[in-house]
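Trainee: coordinates for the following, if possible.
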Amino acid sequence: MHNQLSILIAALLCMLLCAGCKSNPANPGSTQQPECELGTQALKVCSPNGGEVFQVGDTLYIEWNADLNAINDAALYFSNNGGLDWIDLNSASIEPGNRIWGRFPWVIPSSINVYEQNRPVASNQCLIRINDYDMQFEDLSDAAFEIK
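Mentor: Predicted coordinates for the structure are as follows:
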């Protein structure tokens, strides 16, 4: 009985968290907010895209949408100073078919190494950048988000 109750609670929580989301055809297991349509772009940061607040230690899911006819790999970067410096979040390209394509989990550390110096991550000027490895396509968070 306890196990069934846990499953029911988890299912209800998932439904509440995903209300208004839609499936991402490039990554059927993930969800994206309705405002994450590509439009004329080949690559788009979906989340975080500005205004969100996270804590050090949280798992931040970086989500993106891509035109699979134009994009065959992706690189993710993080800035906590409004885009002056960028930190590579994935050391190798992420390709379609990879289980983290479209939804990259990043556990937010307390500090990052920038030009051989440790810097606290906490900032209200955080951005995500994504580009293909050929640097033909790129997108940034539309506005800054915060890490406390």
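Trainee: ranges for the strands of the protein?
Mentor: Using DSSP state E, the strands found in the chain span residues 22-24, 27-32, 43-47, 53-54, 59-66, 75-79, 87-88, 103-107, 111-114, 117-120, 123-131, 138-140, 145-147.
Trainee: for the spatially most central residue of the chain, which non-adjacent residue is spatially closest?
Mentor: With distances taken as C-alpha atoms, centre = their mean, residue 62 lies nearest the centre of the chain, 0.8 Å away. Closest residue in space to residue 62, ignoring its immediate chain neighbours: residue 104 at 4.5 Å, by C-beta to C-beta, 6 or more residues apart in numbering. C-beta coordinates here come from the backbone N, C-alpha and C atoms, glycine included.
Trainee: could you pull up the residues touching that neighbour?
Mentor: Going by C-beta atoms under 8 Å, 6 or more residues apart in numbering, residue 104 touches 61, 62, 63, 76, 89, 90, 94.
Trainee: neighbours around the fifth one, how many?
Mentor: Here the neighbour count serves as a burial measure; for residue 89 (other C-beta atoms under 10 Å) it reads 18.
Trainee: and the contacts of stretch 122-132?
Mentor: For stretch 122-132, using C-beta under 8 Å, 6+ apart, the contacting residues are 43, 45, 48, 56, 62, 64, 70-83, 86, 110, 137-141, 144-148.
Trainee: what subset of these is buried?
Mentor: 43, 45, 48, 62, 64, 71, 73-80, 86, 137, 139-141, 144-147 (16 or more other C-beta atoms under 10 Å).
Trainee: give me the pLDDT for the nearest residue to residue 36 once chain neighbours are set aside.
Mentor: The shortest distance from residue 36 to any non-neighbouring residue, by C-beta to C-beta, 6+ apart, is to residue 46 (3.7 Å). Reported pLDDT at residue 46 in the predicted model: 95.
Trainee: likewise the one 5 residues further on?
Mentor: In this model, residue 51 is scored at 96, pLDDT.
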